[in-house]
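Engineer: got a sequence here, can you model it:
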Amino acid sequence: MTMDEQRLIERLMAVEALFAGASCEGEKVAAERARERILERLRAFEAKEAPTEFRFRIDDPWSRKVFIALLRRYGIRPYRYPRQHSNTVMARVPQRFVNETLWPEYEALSRELATYLNDVTQRVVAKVLHEDTQEAETVSSPLPLT
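Structural biologist: Residues are numbered from 1 along each chain as shown. Predicted structure coming up:
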């Protein structure tokens, strides 16, 4: 495992700890305790509110993997119906849990992963293909054929 991967793992664990309400730096590295606190919150929401069927559409395959793994981490079964696109993820979960914990945590985790993947892509492209990794320039008219 590279140092970059280890840093990503630590940042993802810190995101989960943040959403679990970790109160000190020592707790932030205790991913299992964070998971338990979130599971307690989910059970409390389920006691007050019946789960609702949600349809999530996540086009990016990496983000979808993060979301499905997050659902499974909290004991929520991801599924889809026949003929639904692969970018669709269904889940039965209390709405308040989705709004206050699941979706904000997913977005934070997804941002961290996207940043990591972008950085790796930039480094690899610059090293292997071409050092200029900027986007294509915008031109006001078609360039002449040479």
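Engineer: this structure: strands as residue ranges?
Structural biologist: Across the chain, reading from the start of the chain, the strands by DSSP state E fall at 52-57, 88-93.
Engineer: quick one: buried residues of stretch 33-45?
Structural biologist: R33, A34, R35, R37, I38, R41, L42, F45 (16 or more other C-beta atoms under 10 Å). For every residue, glycine as well, the C-beta is placed using N, CA and C.
Engineer: where does pLDDT dip in this structure?
Structural biologist: 1-3, 15-32 (pLDDT under 70).
Engineer: if we use 50, what do you get?
Structural biologist: Counting by pLDDT under 50, the chain has low-confidence residues at 27-28.
Engineer: okay, which residue is most central for it?
Structural biologist: For the chain, the residue nearest the mean C-alpha position is S110 (2.9 Å; C-alpha atoms, centre = their mean).
Engineer: which residues touch that one?
Structural biologist: Contacts for S110 were tallied using C-beta atoms under 8 Å, 6 or more residues apart in numbering; they are D60, S63, V66, F67.
Engineer: enumerate every residue touching the last one.
Structural biologist: Neighbouring residues of F67 by C-beta under 8 Å, 6+ apart: F56, I58, P78, V89, Y106, S110.
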